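Participant: Sequence and predicted structure below; questions after.
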Amino acid sequence: MESPASSESPALVFRDATDADVDALVVLVESAYRGDASRAGWTTEADILDGQRTDPEGVLEVIKSPDSRLLTVERDGEIVACCQLEHRGDHAYFGMFAVRPSLQGAGLGKVIIAEAERQARETWGVREMHMTVISVREDLIAWYERRGYRRTGRTSPFPYGDERFGVPRRDDLRFELLVKPLV
């Protein structure tokens, strides 16, 4: 499913990821969150996690899942952002959100999250969007709060010992559930 972005960003194209996108999407997600390259943007997790953020198998699993979409965002034929949308009954889950670090801070994220919410609402008829964010990421949580998400206080443990999610540099990591009504 391909759709142009809103009139605010006519150069963006939103489409579902394909198997051919896997390598580019892994590079994008890694560049937005891990290692020194991620420091070019503001979403870096380099101070709290080492190791990988995702891998080709994880990305392909999202692409292949019947209840999930990996929304890929292109500008001038290049992948510049992505996000996962997963249908979970009466709500959708928003994850794997990444914007190329050199493009962060210019409003692209706002456009993408609004389009993801619109597509989840229209495609699945869901009434809420859920996401989990590492609770020590106060700046990122504040950004989502400005987009209408609210902290629930409900947390789940970080998967310590499972290096598919990274190698923690601190021992106080957990995920907090954020929720936004879509009606």
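Facilitator: Happy to help now that I have it. Numbers count the residues shown, from 1 in each chain.
Participant: now the strands: where do they sit in this structure?
Facilitator: Here the chain has its strands, by DSSP state E, at 2-4, 12-16, 49-50, 68-75, 78-88, 91-99, 128-134, 150-157, 167-168, 174-181.
Participant: Give me the angle between the fourth one and strand 91-99.
Facilitator: Looking back up the chat, that one is strand 68-75. In terms of direction (axes from the mean of the first three to the mean of the last three Cα atoms, to 10 degrees), strand 68-75 departs from strand 91-99 by 30 degrees.
Participant: before we move on, the earlier item: mean pLDDT for the strands of the chain - can I get that in CSV?
Facilitator: Shown next, in CSV, are the strands of the chain (pLDDT from 0 to 100):
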stretch, mean pLDDT
strand 2-4, 50
strand 12-16, 97
strand 49-50, 92
strand 68-75, 97
strand 78-88, 97
strand 91-99, 97
strand 128-134, 97
strand 150-157, 97
strand 167-168, 94
strand 174-181, 97
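Participant: For Pro101, see how far away the residue lying closest to Ser31 once chain neighbours are set aside is.
Facilitator: Nearest residue to Ser31 in three dimensions, chain neighbours excluded: Ala37, at 5.1 Å (Cβ to Cβ, 6 or more residues apart in numbering). To be clear about C-beta, it is placed using only N, CA and C from the backbone, and glycine gets the same treatment. Distance of Ala37 to Pro101, computed by Cβ to Cβ, to the nearest Å: 7 Å.
Participant: list the residues that contact both of those two?
Facilitator: Residues touching both Ala37 and Pro101 (Cβ atoms under 8 Å, 6 or more residues apart in numbering) are Ser31.
Participant: So those two - more neighbours on which side?
Facilitator: Pro101 (19 against 16; other Cβ atoms under 10 Å).
Participant: Please save the CA atoms from the longest helix along the chain in PDB.
Facilitator: The longest helix of the chain (DSSP state H) is helix 108-124. The C-alpha coordinates for helix 108-124 follow below in PDB (Å, rounded to 0.1, in the frame of the first residue of the first chain):
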ATOM      1  CA  LEU A 108       9.800  14.800   9.900                       C
ATOM      2  CA  GLY A 109       9.000  12.600  12.900                       C
ATOM      3  CA  LYS A 110       5.800  14.600  13.600                       C
ATOM      4  CA  VAL A 111       4.600  14.000  10.000                       C
ATOM      5  CA  ILE A 112       5.400  10.300  10.200                       C
ATOM      6  CA  ILE A 113       3.700   9.600  13.500                       C
ATOM      7  CA  ALA A 114       0.600  11.400  12.400                       C
ATOM      8  CA  GLU A 115       0.400   9.300   9.200                       C
ATOM      9  CA  ALA A 116       1.000   6.100  11.200                       C
ATOM     10  CA  GLU A 117      -1.800   7.000  13.500                       C
ATOM     11  CA  ARG A 118      -4.100   7.800  10.600                       C
ATOM     12  CA  GLN A 119      -3.300   4.600   8.800                       C
ATOM     13  CA  ALA A 120      -3.800   2.500  12.000                       C
ATOM     14  CA  ARG A 121      -7.200   4.100  12.600                       C
ATOM     15  CA  GLU A 122      -8.300   3.800   9.000                       C
ATOM     16  CA  THR A 123      -6.900   0.300   8.300                       C
ATOM     17  CA  TRP A 124      -7.900  -1.400  11.500                       C
END
